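K.L.:
Let me see the structure of the following:
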Amino acid sequence: MNVAFIGLGVMGYPMAGHLQRQGHRVRVYNRTPAKALQWSAEYAGDCADTPRQAAQGAELVMCCVGNDDDLRQVLLGEQGAFSGMSPGSVLVDHTTASADVARELAIQAAERELGFIDAPVSGGQAGAINGQLTIMVGGEALWFARAEPVMACYARRVQHMGPVGSGQLTKMVNQICIGGLLQGLAEALHFAQCAGLDGEAAMAVISQGAAQSWQLENRHKTMLEGRFDFGFAVDWMRKDLAIVLDEARRNGAQLPVTALVDQFYADVQRLGGGRWDTSSLIARLRAPLVAENEIHGTQQA
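P.N.:
Residues are numbered from 1 along each chain as shown. Okay, here's the model as predicted:
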């Protein structure tokens, strides 16, 4: 297919690369032109000066940017991707954003006779590089069927979850789980070390029982080492959790642990860890003076 890919961050760059390598004709756009030129040189694809130019002639337009406002900037307006898309083509939004913006953009796409699906991803930078992402999709079945074979180029699982917005809501469920699991793992490792146990040995044995998880298997060693210069940044996790908590206020869901973990990530930011991996929650437990002060304020709140 002729495919456009808008947004070449740590996720979008390799995702677009998989499409080009698997035979699709890909044209990319990135707000920093040097990144698009680098991608074009590496993958022998085309790059465009505007989202509209990237989208012209594309049957599918993939988008992976930062947040709701970024989405509106690259999709709407005279130079936005919607202006360049032909009727019947489909916008596939891989951004982790709000369900509201997905519904808003789906309406605007329909007015232009375009398809729209919200398709946030999970699996991190490693999943994008290895083509092993999990994709949660909301939108009409017709548009999903059109896009699914192409998304499979960089995914191990693509799941249709329901109407527009359902993909984003499912990604919120994902982030709720990750935050709680990582806080539990951080506390477990911290406790093991304070108790004089071999943390590595403790993880080896409990990973064979009911405590096993992807986070335990893939993050406990780096957490024990205090190494966080990789992975999904705390700043981005706080952005995602803000979306989750805002949605919960609307739908009435009670998320006390998620709200607390969000504040713990704020503590990590104050320690200078905004760009650290989300597993850095353990660093907060190893900074007792900061943690003590911040915990006291969080509990009162």
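
K.L.:
Could you check the pLDDT of the residue lying closest to Gly9 once chain neighbours are set aside?
P.N.:
Spatially, and ignoring its direct neighbours in sequence, Gly9 is nearest to Cys64 (6.7 Å; C-beta to C-beta, 6 or more residues apart in numbering). Yep, even glycine has a C-beta here, placed from its N, CA and C like the rest. On pLDDT, Cys64 comes in at 98.

K.L.:
Do a quick rundown of the strands in the chain.
P.N.:
Ranges of strands in the chain, per DSSP state E, are 2-6, 25-29, 46-47, 60-63, 90-93, 115-118, 121-122, 133-138, 155-162.

K.L.:
for Ala110, what are its contacts?
P.N.:
Contact analysis of Ala110 by C-beta atoms under 8 Å, 6 or more residues apart in numbering lists Phe116.

K.L.:
How much space separates it from Ala41?
P.N.:
Distance of Ala110 to Ala41, given as C-beta to C-beta, to the nearest Å: 37 Å.

K.L.:
Which residues does stretch 23-39 contact?
P.N.:
Here stretch 23-39 makes contact (C-beta under 8 Å, 6+ apart) with 1-8, 12-13, 16-17, 19-20, 40, 43, 45-51, 53-54, 58, 74, 150, 153.

K.L.:
For that stretch, list every residue counted as buried.
P.N.:
Neighbour-count burial for stretch 23-39 flags His24, Val26, Arg27, Val28, Tyr29, Asn30, Arg31, Lys35, Ala36, Trp39 (criterion: 16 or more other C-beta atoms under 10 Å).

K.L.:
Nearest to Gly80 among those?
P.N.:
Comparing those against Gly80 with C-beta to C-beta picks out Tyr29 as the nearest, at 10.6 Å.

K.L.:
ok, for the closest one, nearest residue in space, not its chain neighbours?
P.N.:
When the adjacent residues along the chain are set aside, Tyr29 lies closest to Ala54, with 3.9 Å between them (C-beta to C-beta, 6+ apart).

K.L.:
Also Ser280?
P.N.:
Using C-beta to C-beta, 6+ apart, the closest residue to Ser280 is Phe228 (4.1 Å).

K.L.:
Where does pLDDT dip in the stretch 51-200 of the chain?
P.N.:
Of all residues in the stretch 51-200 of the chain, none has pLDDT under 70.

K.L.:
in it, which spans are helices?
P.N.:
Taking DSSP state H, counting those that start in this stretch as the criterion, the stretch 51-200 of the chain carries its helices at 51-55, 68-75, 81-84, 99-111, 124-130, 141-151, 166-194, 199-206.

K.L.:
out of these, deepest packed?
P.N.:
Ranked by mean neighbour count, the helices of the stretch 51-200 of the chain are led by helix 51-55 with a mean of 25 (mean count of other C-beta atoms under 10 Å).

K.L.:
which other helices and strands contact that one?
P.N.:
With contacts taken as 3 or more C-beta pairs under 8 Å, 6 or more residues apart in numbering; DSSP states H and E, helix 51-55 sits against strand 2-6, strand 25-29, helix 81-84.

K.L.:
Format these as CSV; extra columns: distance to Ala233.
P.N.:
Converted to CSV, the helices and strands packed on helix 51-55 look like this (distance: least, C-beta to C-beta, whole Å):
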stretch, distance to Ala233
strand 2-6, 21
strand 25-29, 23
helix 81-84, 26
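
K.L.:
For Gln208, find the nearest of these.
P.N.:
Among the helices and strands packed on helix 51-55, strand 2-6 comes nearest to Gln208, with 41.1 Å by C-beta to C-beta.

K.L.:
In terms of secondary structure, what does the closest one contact?
P.N.:
Packed against strand 2-6 by the contact rule (3+ C-beta pairs under 8 Å, 6+ apart) you find helix 12-21, strand 25-29, helix 51-55, strand 60-63.

K.L.:
Among the ones you listed, which comes closest to Gly124?
P.N.:
Relative to Gly124, the nearest member of the helices and strands packed on strand 2-6 by C-beta to C-beta is helix 12-21, separated by 11.2 Å.

K.L.:
what's the offset of the closest one from the middle of its chain?
P.N.:
Per C-alpha atoms, centre = their mean, to the nearest Å, the displacement of helix 12-21 from the mean C-alpha position of its chain is 16 Å.
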